[in-house]
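Participant: A structural model of the following input is requested.
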Amino acid sequence: MEQEIEIREIVAIVSKRWKAILALFIFAVATSLVASLYFIQPVYESSATLLVGKPTEGTQVVIQDVQLNRQLVKTYEEIARSGVVASAVIQDLNLDMSVNQLRGMINVRQVSDTEIISISVSDNSPDRAAFLANSVANTFITKVGTIMNLDNVSIIDEAEPSTSAVSPRPNLNAAIAGVLAIMLGVFMAFALEYMDNTIKTPKDVEQNLELPLLGTIPFFEGE
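Facilitator: Next up, the predicted model:
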């Protein structure tokens, strides 16, 4: 039989099992924090910044050159994340990883519709992330000269080791785990409530047995 649930019934169901919901919440948050702090390796990210276009001293900036450089940025992005660059870096540094593994660590993006490219590398070591980002940037500049026959890319800022990890994020993970635990706890509370068909109150007689209530017998505790 389809039952109508009132707000007070919802509150009563949750209140009845609030200890179990709280225990599930504490367990989920604690597990998330312990896993994030002690079992998941931190990931650090370092970025090198490059400029497309190298005007010589005293040369006026021409609008057409700026537009051309911005169009080249898209092409340069693909070159920077290509297997050609990754393969060259692996060979130069004698890295023990595949081309696809290194490419998966590299992120290349154009900075806000400018002539600037950011090359980022993620790694478990902050020093290694910075070293690889600079290596990819320098190799990319070399490959641009070879592939495009152009010498119009320069490094603005070299990558520096990061002092903080980009992942895991213990506070965020704990918050998500806590919310999911509460949702699961409330769901389980309702599931247990509606699987329980035992008669506990006069109202249960009317709802579960569909019988009219004729009266109740009071219960008095003896001394």
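Participant: next one: the helix of greatest length in the chain to chain centre, how far?
Facilitator: When the chain is parsed with DSSP state H, its longest helix is helix 170-195. Distance of helix 170-195 from its chain centroid, counting by C-alpha atoms, centre = their mean, to the nearest Å, is 21 Å.
Participant: Name the residues of it that come out as buried.
Facilitator: Within helix 170-195, the residues that count as buried by 16 or more other C-beta atoms under 10 Å are 170, 173-174, 177-178, 181-182, 185-186, 189, 193. In this view, the C-beta of every residue, glycine as well, is placed from N, C-alpha and C.
Participant: And those residues, which is closest to S32?
Facilitator: Taking C-beta to C-beta as the measure, A177 is the one of the buried residues of helix 170-195 closest to S32, at 3.8 Å.
Participant: got the buried residues of helix 170-195 as CSV, with pLDDT and distance to E115 columns?
Facilitator: Formatted as CSV, the buried residues of helix 170-195 follow (pLDDT from 0 to 100; distance: C-beta to C-beta, whole Å):
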residue, pLDDT, distance to E115
P170, 95, 38
N173, 96, 38
A174, 96, 41
A177, 97, 43
G178, 97, 45
A181, 97, 48
I182, 96, 49
G185, 95, 53
V186, 93, 53
A189, 91, 58
E193, 79, 63
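Participant: What is the nearest of those to P126?
Facilitator: Proximity to P126 was ranked across these by C-beta to C-beta; first place goes to P170, at 17.7 Å.
Participant: so what's the closest one up against?
Facilitator: Residues in contact with P170 (C-beta atoms under 8 Å, 6 or more residues apart in numbering) are 32-33, 36-37.
Participant: Repeat that for I13.
Facilitator: Taking C-beta under 8 Å, 6+ apart, one finds 189-190, 193 in contact with I13.
Participant: Reformat those as JSON lines; add distance to E45.
Facilitator: As requested, the contacts of I13 are exported to JSON lines (distance: C-beta to C-beta, whole Å):
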{"residue": "A189", "distance to E45": "42"}
{"residue": "F190", "distance to E45": "43"}
{"residue": "E193", "distance to E45": "47"}
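Participant: which of the residues you listed lies closest to V43?
Facilitator: Nearest member of those to V43, counting by C-beta to C-beta, is A189, at 37.3 Å.
Participant: Pretty sure that closest one sits against V14.
Facilitator: Yes - using C-beta atoms under 8 Å, A189 is in contact with V14, at 5.9 Å.
Participant: Closest to the centroid, which residue in this structure?
Facilitator: S167 (7.7 Å; C-alpha atoms, centre = their mean).
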